[in-house]
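Asker: pasting a predicted model and its sequence here:
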Amino acid sequence: MTLLECKNISKKYGEKEILKNINLSLPSDKIIGLLGKNGAGKSTLIKLINDLLTPTEGEITVKGKPIGVESKRSIAYLPERTYLDKRMTVQAVLTYFSDFYDNFDRQKAEKLLAALDLDPKERLLKMSKGMQEKVQLVLVMSRKADMYILDEPLGGVDPATRDYILNTILSNFAQGASVLISTHLISDVERILDEVIFIDKGQVVLQESADELRTREGGSVDEIFRRMFRC
């Protein structure tokens, strides 16, 4: 089943073209890597999918319908930068998500947070960056969504936290759903990927099964990417 389609998507700011004729079809029940260097267009594409930007040309559909209110219910989105008020306690954030999303599983979130030995009365601003990243990931992965879109979830955290984040993703996305992970840290994430998309200079240059790509090219996804886009 196709969850999401991008048809001839372009995005311009004045004369500058950020995305150029993007065509993608994302299936269900897969973990997909959106892989590219910084500035390749990954975050712009993700913002278009989440209806935070409007494409200059083209159409995006989720489960066959144009993006809008219904698609926002289907997609759980972790942005690159936090949107949470850091003065809030963890408990207050759970209440906020419970009120805002009818597909948020608070019991699941509380269970995941308890495993981190987090005090629900603690304010986000009192936590380390790594702990804040974990809290945000738990919030997103506790929604019963059709697609989880994670923009640079590994950026700025230590290797142990990266392992925690990847294991949380693997064990907590809803059955039949897909996960789209945008990252330039390919070696850290490739072990969990079913499929990869390479994006460079605003264009999709490859979409393929991760295993088939490794077999065909004789190397890891990270090595293949480095060979293709060597500076």
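Answerer: Received it, and whenever you're ready, just let me know what you need. Residues are numbered from 1 along each chain as shown.
Asker: so what's the nearest residue to Lys65 once chain neighbours are set aside up against?
Answerer: Spatial nearest neighbour of Lys65, excluding adjacent residues (CB to CB, 6 or more residues apart in numbering): Ser71 at 6.8 Å. C-beta coordinates here come from the backbone N, C-alpha and C atoms, glycine included. For Ser71, the contact set (CB atoms under 8 Å, 6 or more residues apart in numbering) comprises 51, 62-63, 65.
Asker: number of nearby residues for Glu122?
Answerer: 14 (other CB atoms under 10 Å).
Asker: least confident secondary structure element in the protein?
Answerer: Ranked by mean pLDDT, DSSP states H and E, the weakest helix or strand in the chain is helix 159-172, scoring a mean of 84.
Asker: which positions in that one come out as buried?
Answerer: 161-162, 164-166, 168-169, 172 (16 or more other CB atoms under 10 Å).
Asker: swap in stretch 129-143?
Answerer: Neighbour-count burial for stretch 129-143 [16+ other CB under 10 Å]: 130-143.
Asker: swap in stretch 186-200?
Answerer: Result for stretch 186-200 [16+ other CB under 10 Å]: buried residues 186, 188-190, 193, 195-200.
Asker: any chance you could read off phi and psi for the residue nearest to Lys65?
Answerer: phi -70, psi -30 (degrees, to the nearest 10).
Asker: ok, now how distant is it from Thr161?
Answerer: Distance, Ser71 to Thr161, by CB to CB, to the nearest Å: 30 Å.
Asker: and the spatially most central residue of the chain, bridged to which residues?
Answerer: Geometric centre of the chain, nearest residue: Leu150, 1.7 Å, by CA atoms, centre = their mean. Beta bridges link Leu150 to Leu78, Ile181 when assigned by DSSP bridges.
Asker: okay then, goodbye and thanks.
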